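S.K.: sequence first, then the predicted structure:
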Amino acid sequence: MSVARCPGSCGELIQGWILGSEKLVSCPIDWFSTVEVRRGTPRPDERPLTRRMVNTLLVHWNYPLALSQTLRIEVDSTLPIAKGMASSTADIAATAVATAMHLGHSLSESELATLCVSLEPTDSTLFRALTLFDHHHARTQITCAPAPDFDLLIMESPLILRTADYHRLPREAALTASASTLQLAWEKVQAACDSNSASLMGEAATLSAIASQTLLPKPGFDVLLEIVESCGLYGLNVAHSGSVVGLMLDRRRHDVEYVKWSLAQSGLAEIWPQQHLLKAVAGGVQPST
């Protein structure tokens, strides 16, 4: 039996046209998908992508595919699905590492990224460091210095949007139109990490969120920006291919209850009825035995 876990994400800190193609930097949070791989009969209700990852690894290491039917996959995750919180990436990345361990192999982060993108567009939560990532092809993997500490008041709406559906939208014209803004946002992400500045990170995320409004607008966005300003928060980030929004703050410095009150007073709590106060964390798949 082998076990691994991978964090989910509160959308992306930035996503858009950067260095010649669409790339992203995910925002890992302390909410995880934990996967156990062991000998046994496959569950009838298992998540299909986790089985596809097991089969991909068997082919990768030249095992007979029949071995797949002797492996049982158990997923323990309460990450919301189809909200832009990297639930699928967490599932398949943790499955890959747990399967590798079970078979006596290891995977580098770069190998893991390549395997994951072969199944679907992938979040950069599988990297320990904040990473600018080409989530379609894994060709770009630029790591940053350690990220500053901050918290997120994550606002979850009932709306769902499959990542695959988002990527079918005609996006290139809008993405390239915002390329200069995203380049600035990327520079601010790097500066935020170099200087340990949560404020700069908030500025970067807010720039990217504003640019994202032309592709996947979030309701009440201008009011959200007003709350960020009036409460002195670091900024806000969004799921660029989902519905979730995060208010970036420090729970020791900012009055979280007042922020929630402001959301209720503005009517935004009706749009995002579920709110979660979570911490931004380092990414990476964590194995255990």
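M.R.: Good, I have the coordinates. Because the structure is a prediction, the values reported are computed rather than measured. Numbering: from 1, shown residues only.

S.K.: what ranges does the stretch 51-200 of the chain have for its strands?
M.R.: Under the criterion DSSP state E, counting those that start in this stretch, the stretch 51-200 of the chain contains strands at 71-77, 131-133, 141-143, 151-156.

S.K.: nearest to Glu46, of those strands?
M.R.: Evaluated over the strands of the stretch 51-200 of the chain, closeness to Glu46 peaks at strand 71-77, with 5.4 Å, by C-beta to C-beta. In this view, the C-beta of every residue, glycine as well, is placed from N, C-alpha and C.

S.K.: could you list the paired strands of that closest one along with their orientation?
M.R.: Paired strands of strand 71-77, with direction, are strand 21-39 (antiparallel) (DSSP bridges).

S.K.: buried residues in the strand it pairs with, which are they?
M.R.: 22-29, 31-37 (16 or more other C-beta atoms under 10 Å).

S.K.: which pair of those residues spans the longest distance?
M.R.: Largest pairwise distance in the buried residues of strand 21-39, by C-beta to C-beta, is 33.9 Å, between Glu22 and Glu36.

S.K.: is Leu13 in a helix, a strand, or coil?
M.R.: strand (DSSP: H, G, I helix; E, B strand; the rest coil).

S.K.: and it, what pLDDT?
M.R.: We have a pLDDT of 98 for Leu13.

S.K.: mind listing what it touches?
M.R.: Val25, Ser26, Cys27, Leu130, Val189, Met201, Ala204, Ala205, Ser208, Asn237 (C-beta atoms under 8 Å, 6 or more residues apart in numbering).

S.K.: now do 6 Å
M.R.: Val25, Cys27, Ala205, Asn237 (C-beta atoms under 6 Å, 6 or more residues apart in numbering).

S.K.: relative to Leu249, how far out is the first one?
M.R.: Meaning Val25. The gap separating Val25 from Leu249 is 19 Å, by C-beta to C-beta, to the nearest Å.

S.K.: again, but for the last one
M.R.: Counting by C-beta to C-beta, the separation of Asn237 from Leu249 is 12 Å.

S.K.: the third one now?
M.R.: In this structure, Ala205 and Leu249 are separated by 12 Å, where distance is defined by C-beta to C-beta.

S.K.: which elements pack onto the one helix or strand Gly202 maps to?
M.R.: Gly202 belongs to helix 198-212 when assigned by DSSP states H and E. Contacts defined by 3 or more C-beta pairs under 6 Å, 6 or more residues apart in numbering; DSSP states H and E place helix 198-212 against strand 2-18, helix 179-195, strand 235-238.

S.K.: now it - C-alpha only, PDB.
M.R.: Output of helix 198-212 as PDB, limited to C-alpha atoms (Å, rounded to 0.1, in the frame of the first residue of the first chain):
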ATOM      1  CA  ALA A 198       2.100  39.500   0.100                       C
ATOM      2  CA  SER A 199       1.000  42.900  -1.100                       C
ATOM      3  CA  LEU A 200       2.900  42.600  -4.300                       C
ATOM      4  CA  MET A 201       1.500  39.100  -4.800                       C
ATOM      5  CA  GLY A 202      -2.000  40.600  -4.300                       C
ATOM      6  CA  GLU A 203      -1.300  43.200  -7.000                       C
ATOM      7  CA  ALA A 204      -0.100  40.500  -9.400                       C
ATOM      8  CA  ALA A 205      -3.200  38.400  -8.800                       C
ATOM      9  CA  THR A 206      -5.600  41.300  -9.100                       C
ATOM     10  CA  LEU A 207      -4.100  42.400 -12.400                       C
ATOM     11  CA  SER A 208      -4.600  38.900 -13.800                       C
ATOM     12  CA  ALA A 209      -8.200  38.700 -12.400                       C
ATOM     13  CA  ILE A 210      -9.100  42.000 -14.100                       C
ATOM     14  CA  ALA A 211      -7.700  40.700 -17.400                       C
ATOM     15  CA  SER A 212      -9.700  37.500 -16.900                       C
END
